[in-house]
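Undergrad: generate a structure from the sequence data that follows.
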Amino acid sequence: MTQFPFLTGAVLAAALLPACTSVAPVQPAASRTLACDDGIKTSFKPDANTTVVSVRRVAKGEQIIAVDSTTPVTIARDMCLVKLLVGPGSTATERDRSARSYSEGIGMEVWLPERAGWNERIRNYGGGGWVGGGHRYADKIGSKLPALANANMGYASSTHDGGQPHYQDASFAFLSSGSINQDSFWDMNSRAIHEQAIKTRALVEAYYGRAPRFSYYDGHSQGGRQGLKAAQEWPEQYDGFLIGQPAVSVPKFSLSSLYPQVVMKMELGFTALDKPAATAFARKVAAVNARAVASCDREKLGFLLDPAACTYDPLREAEALCTSAVGEGVLGTNADAATCMSPKEALALNKIWHGPTSDGSYVPVSNQSYANRSGAVLGPKQLWWGFPRGSSLNGVITGASTDMLAIAMADVRYAGDANAGGGTPITNTSTPVRNRWQELTYASYADAFQRVSAQQMLRDYMTDKPELAQFRRLGRKMILWSGLAEDVIPPQGSVNYYERVKAAAGGDAETQKFLRMYNMPGMAHSSQGRASTVGGNNNIVPMPMLPGNANQNPTPEQDPLFSALVDWVERGVAPEQIVIRSRDNATAYPICVYPKKITWNGSGPAKEAGSYSCK
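TA: Numbers count the residues shown, from 1 in each chain. Have a look, this model is predicted:
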């Protein structure tokens, strides 16, 4: 069980050094408690850099709008919301207060259930994307919706903004001079994660007058990366980690998301800036993706249980190619100009599915090993993986994700403007030039990709260290899960991380003593569960219930992944297969502990859990 002191002064300063791997010795929790009022502003002073911005009573039944949803959360119990600002931020390197790179520190929100309703546990929640939000402002809410659901269940729960106040905006990464903002990037990469654990623990002990019995981390996407960072660097901070669809190796997969634009430019002569051409190509890709699913979906579920096993190739299917187009051993027969592909378009799609390579080449899917397709290993010349067959590619075709390229090149001119469609455009006054990403060739793209590994800042941001010796020694536990219809983070990255941890730990048996991973068929990128089928009937995909809009105050049975983690941490019951159901209640099957896979028996009803096993 973790123990953290109420750190003050020099002790806390030492704890925040980047090289820190442990906290100070245990001290008794405070005997008195704090009232939920402005007295906390003067009584809670863990260090000179921390300011209590506001204290607010939140009554049971009150409706709160979270930053990631317009649907209100109904608060299930009386709570105290404490907002913190942890300096110093980037004020020493950015003097222009109007610049988006100016930050006075890390904003945090700590949700404290009423004392009688506190379950004596911390369940901190991670952020998403480039984080940001209203954490540091008294009149705003910065927390994502699952954090509020966690607090509804009785957990003390905190979130943070990653050290920058502007929601989902990478502008913080560049100083107004155009240089990289090292201070804020370090806050985003590492310090905010460490501070979240320390400050939440200190406030919980001060408010309740006693230490929590257990402490958990729960995060998705960027929040998953944050959890991996804590597990790799400071495993003593939490007893258990629930890591969802993590942004592991984020500089690499972020650059891989831009690769479709390079392929489109080099093979087809247009990019996302040509909206009509990109939209038309996306429509064809969607049609061929549907053909891929239909050809590989032997269970007839409408999505793929194992996308890595699908070797569909549009160059080898006559019905995918336009009439009389010459493919690989076939002649096209599709007369629908809106959905048929030319051989060049089919080749471009194959390259996009394969993922980036050092020279723009690709290995036909039929020649790839299953280990390569699944993520266990990279193929020849392959830099990273593309998205699996069955995943939507619309976003990476009609929009250019350029933030990481600009950061890797340390040049804001490579960022996309508003027309690029890759999210919030980077704001920076050092130059008006944008969209230099269009200049990329296969060779210059590969060079940019290699820059990721050459920069210490981005190597630290990778959060992909496979050696978890301290984590194991302390008896910590982690459940990691990914979706196999991902449309933001290729799931092969998580598989590859697990395989590297396994190699360091000495095999599956040793790894599964502290880390177990689940892959969810048909699931796209979402902290609350978002299914993806090519037909759009997403209620047919079994998914675990996750705290969120549809699950605002879940019981343990309605929070199965986290409940499995709690059983493992607190009762020593390691998680095995978990049966999940579709929203329409028509389909059920088990999700399996990797490397086992969901396997249909081939004869039983394909929508019944009894027809499946984990093999």
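
Undergrad: Leu175 is in contact with Ser101, isn't it?
TA: Yes. Under the criterion of C-beta atoms under 8 Å, Leu175 is in contact with Ser101, at a separation of 5.0 Å. C-betas here are computed from N, CA, C, even on glycine.

Undergrad: which neighbours do those two share?
TA: Residues touching both Leu175 and Ser101 (C-beta atoms under 8 Å, 6 or more residues apart in numbering) are 90, 94, 181.

Undergrad: for His194, phi and psi?
TA: According to degrees, to the nearest 10, the main-chain angles of His194 amount to phi -70, psi -40.

Undergrad: also Trp111?
TA: When quoted as degrees, to the nearest 10, the phi and psi of Trp111 stand at phi -100, psi 120.

Undergrad: how about Ile578?
TA: With angles defined as degrees, to the nearest 10, Ile578 shows backbone torsions of phi -130, psi 120.

Undergrad: bridged to it, which residues?
TA: Ile578 has the following beta-bridge partners by DSSP bridges: Ile591.

Undergrad: quick one: residues contacting it.
TA: By C-beta under 8 Å, 6+ apart, the residues touching Ile578 are 518, 544, 560-561, 564, 590-591.

Undergrad: distance check, it against Arg316.
TA: Distance of Ile578 to Arg316, given as C-beta to C-beta, to the nearest Å: 37 Å.

Undergrad: what's the answer for Ala524, then?
TA: Noted for Ala524: a distance of 27 Å to Arg316, by C-beta to C-beta.

Undergrad: for the two, indicate the residue with more neighbours.
TA: Remark: of Ala524 and Arg316, Ala524 carries more neighbours, 23 against 17, as counted by other C-beta atoms under 10 Å.

Undergrad: which other helices and strands does the longest helix along the chain contact?
TA: Using DSSP state H to assign secondary structure, the helix with the most residues in the chain is helix 275-296. Secondary structure elements in contact with helix 275-296, counted by 3 or more C-beta pairs under 8 Å, 6 or more residues apart in numbering; DSSP states H and E, are helix 343-354, helix 394-398.

Undergrad: which element follows the last one toward the C-terminus?
TA: Looking back up the chat, that one is helix 394-398. Where DSSP states H and E defines the elements, the next helix or strand beyond helix 394-398 is helix 403-409.

Undergrad: what residues does that following helix touch?
TA: Counting by C-beta under 8 Å, 6+ apart, 130, 170, 173-174, 180, 250-251, 254-255, 258, 412-415, 422-423, 426, 437, 440, 448-449, 451-452, 455, 458 sit against helix 403-409.

Undergrad: buried subset of the residues you listed as a PyMOL selection?
TA: Below is the selection syntax for PyMOL that covers the buried ones among these, with 16 or more other C-beta atoms under 10 Å defining burial:
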select buried, resi 130+170+173+174+180+250+251+254+255+258+412+413+414+415+422+423+426+437+440+448+449+451+452+458
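
Undergrad: out of the contacts of helix 403-409, which sit inside helices?
TA: 250-251, 254-255, 448-449, 451-452, 458.

Undergrad: which members of the contacts of Ile578 are classed as buried?
TA: For the contacts of Ile578, a burial check counting by 16+ other C-beta under 10 Å picks out 518, 544, 560-561, 564, 590-591.

Undergrad: still on that earlier bit, any idea which of the ones in helices among the contacts of helix 403-409 is closest to Glu570?
TA: Of all the ones in helices among the contacts of helix 403-409, Val250 has the smallest distance to Glu570: 31.3 Å, by C-beta to C-beta.

Undergrad: that closest one and Trp353: what is the separation?
TA: In this structure, Val250 and Trp353 are separated by 21 Å, where distance is defined by C-beta to C-beta.

Undergrad: over to Lys144?
TA: Distance of Lys144 to Trp353, given as C-beta to C-beta: 31 Å.

Undergrad: over to Cys296?
TA: Noted for Cys296: a distance of 13 Å to Trp353, by C-beta to C-beta.

Undergrad: now swap in Val396 and tell me
TA: Relative to Trp353, Val396 is positioned 11 Å away (criterion: C-beta to C-beta).

Undergrad: anything in contact with each of those two?
TA: Any residue near both Val396 and Trp353 by C-beta under 8 Å, 6+ apart counts here, and that gives Phe387.

Undergrad: excluding covalently adjacent residues, which one is nearest to the residue nearest the centre of the chain?
TA: The chain has Ser221 as the residue nearest its centroid, 0.9 Å off, counting by C-alpha atoms, centre = their mean. Spatial nearest neighbour of Ser221, excluding adjacent residues (C-beta to C-beta, 6 or more residues apart in numbering): Gly128 at 4.7 Å.

Undergrad: residues contacting that neighbour?
TA: Taking C-beta under 8 Å, 6+ apart as the contact definition, Gly128 lies against 68, 144, 168, 220-223, 527.
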